[in-house]
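>>> quick one, structure for this:
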Amino acid sequence: MTSLASSGTEAVEMRTLLEEAVLLKHTRRAKRATSYKLHPHPLSWNKKERGPLDRVYASANCTFLVTEEGKVFGCGLNNFAQLGLGKTTAEPIRYPVEISSLASDTLGSPVKEIVGGSFHTVALTKAGEVFTWGRRDYSGLGGGSEDVTTPTKLKLTNITHVAAGGSHALACTTSGDFYTWGFGETHQLGNCPRDISKGAASSTDATDELSPYLVQSKQLESKFVLQVGGGSQHSVELAWTGSSVEREGHMAQSVKTAARRIKAGEIKDVWLGADHLLGREVMLDDGSEGKITSKEKMKDDSDPKHVYHR
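Sure thing, here's the model as predicted:
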C-alpha cells in the first residue's frame, strides 16, 4: 500500500478518490432519505375514479385502503406476496393498486378487517370467514407451511375480529372463544395452558401451530373474549366476565349490553406496539423484557394472565 507521504501526486489522487467516495455515499443516503415521509402528508387519491375512502389498515410493511364500495387497494412491500397480488415483486408498490383477489365477488363477502405481521396478511370478511396470504415462515398463514400469493380461506367460521403479530395471528369467535396460530417460541399462542396456581411444568415447551388452535385455559373460564391483539412476540385479549350460559348463547344480549355500558375510566380497547401495549387485558406474553407488566417483570408464560391496571 502506498503511503500518502511518499508522493505528493499520489497523495492528492488518493485524497480525491476518498472525497469522491464519501460524497457518493452521502448522495446515495440523501436519495434514500427522500423516499421516506417524516411527517404526515395527504394521499393522492382520485375519488371519481376509485371512489371515496372508508377505511385504512396498516401492517408491518404495507398499507391497505378500502373504499365505501368495498374495493381494496394496497401499497408497500410485496417481496413475499403480502399484498395478495398473486405474485411477488422485488420493488415496493409505491402507489395504491386495486387488489382484485380481495373483491367481494371473489371472497364471497366484503372485507371487514385487514391485519398483517412482518410478511403475512390476514383478512376477515363480513361473513365471518378468514383469509391469509404471504410468507410461510413460522406458519403465520395458518394453512400449512407453503408460501401463499393470493388470499386463501382458513377452516374458521363465525369470526368477529382478527389480529396479527410479527409471525402469528389471532381470531375471536361469536361464542367468545379465540384461536391462535403461527410462531409460538415465546408462548404468544397460549397453546400450553395450565393453572397458574400450580406453577409451571418443566416439560412445558412452546410450540408453533400450523393451523388455528382453540385457546383454552382455566384463567379464561366464564370469560367472553371481545377482542385480541398481537405484538412482535406477545399477544393480548380484552375479555368480559360472564357466565357459561352467556358464552354458549353466541354473544348473548347481556354480553352485548355489558360491552356497550363500559363505564368511564374502564378500558374497552387495546393497542399494541411491537413490544408493548396499552390497556387492561388478559395476556399471553414473552415477559423477558418486562414489556407488559407495570409492577414487576414477568417470566415467559404461555398461560393467559390478567395485567395490572393502574
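>>> run through the stretch 101-250 of the chain and note the low-pLDDT ranges.
Filtered on pLDDT under 70, the stretch 101-250 of the chain yields the residue ranges 137-145, 186, 188-206, 217-250.
>>> how about the strands in it?
Assigned by DSSP state E, counting those that start in this stretch, the strands in the stretch 101-250 of the chain fall at 111-116, 120-125, 130-134, 148-153, 159-164, 168-173, 178-182, 209-214, 223-230, 234-241.
>>> make JSON lines out of those and add mean neighbour count and distance to Thr88.
Heads up, the C-betas are built off the backbone N, CA and C, glycines and all. Output for the strands of the stretch 101-250 of the chain, formatted as JSON lines (neighbours: other CB atoms under 10 Å; distance: least, CB to CB, whole Å):
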{"stretch": "strand 111-116", "mean neighbour count": "23", "distance to Thr88": "15"}
{"stretch": "strand 120-125", "mean neighbour count": "27", "distance to Thr88": "13"}
{"stretch": "strand 130-134", "mean neighbour count": "26", "distance to Thr88": "10"}
{"stretch": "strand 148-153", "mean neighbour count": "18", "distance to Thr88": "7"}
{"stretch": "strand 159-164", "mean neighbour count": "23", "distance to Thr88": "19"}
{"stretch": "strand 168-173", "mean neighbour count": "27", "distance to Thr88": "20"}
{"stretch": "strand 178-182", "mean neighbour count": "27", "distance to Thr88": "20"}
{"stretch": "strand 209-214", "mean neighbour count": "16", "distance to Thr88": "22"}
{"stretch": "strand 223-230", "mean neighbour count": "24", "distance to Thr88": "24"}
{"stretch": "strand 234-241", "mean neighbour count": "23", "distance to Thr88": "28"}
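>>> can you put the ones you listed in CSV and add distance to Cys62?
Converted to CSV, those look like this (distance: least, CB to CB, whole Å):
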stretch, distance to Cys62
strand 111-116, 7
strand 120-125, 7
strand 130-134, 10
strand 148-153, 14
strand 159-164, 12
strand 168-173, 16
strand 178-182, 18
strand 209-214, 23
strand 223-230, 16
strand 234-241, 21
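>>> what about stretch 52-70, how long is it end to end?
Across stretch 52-70, the terminal residues are separated by 10 Å (CA to CA, to the nearest Å).
>>> ignore what I typed, I meant stretch 41-58.
Distance between the two ends of stretch 41-58: 16 Å, counting by CA to CA.
>>> hang on, the earlier thing: quick one: closest of the strands of the stretch 101-250 of the chain to Leu43.
For the strands of the stretch 101-250 of the chain, proximity to Leu43 was assessed by CB to CB; strand 111-116 is nearest, at 16.6 Å.
>>> check which helices and strands that closest one sits against.
If contacts are counted by 3 or more CB pairs under 8 Å, 6 or more residues apart in numbering; DSSP states H and E, strand 111-116 sits against strand 53-58, strand 62-67, strand 120-125, strand 159-164.
>>> in its sheet, what does the first one sit against?
Strand 53-58 has the following strand partners under DSSP bridges: strand 62-67 (antiparallel).
>>> next: the last one.
Strand 159-164 has its sheet partners listed here by DSSP bridges as strand 168-173 (antiparallel).
>>> state the distance from the nearest residue to Trp45 once chain neighbours are set aside to Leu107.
The shortest distance from Trp45 to any non-neighbouring residue, by CB to CB, 6 or more residues apart in numbering, is to Leu53 (6.5 Å). Using CB to CB, to the nearest Å, Leu53 is found at 19 Å from Leu107.
>>> equivalent analysis for Pro96, please.
Using CB to CB, we find Pro96 at a distance of 19 Å from Leu107.
>>> any buried residues in stretch 68-87, and which?
70-78, 80-85 (16 or more other CB atoms under 10 Å).
>>> taking those residues one by one, which sit in strands?
Secondary structure from DSSP state E places 72-76 of the buried residues of stretch 68-87 in strands.
>>> surely Pro110 and Glu69 touch.
No. Pro110 is beyond contact range of Glu69, at 9.0 Å (criterion: CB atoms under 8 Å).
>>> what residues are up against Trp133?
By CB atoms under 8 Å, 6 or more residues apart in numbering, the residues touching Trp133 are 81-82, 84, 120-121, 141, 148-152.
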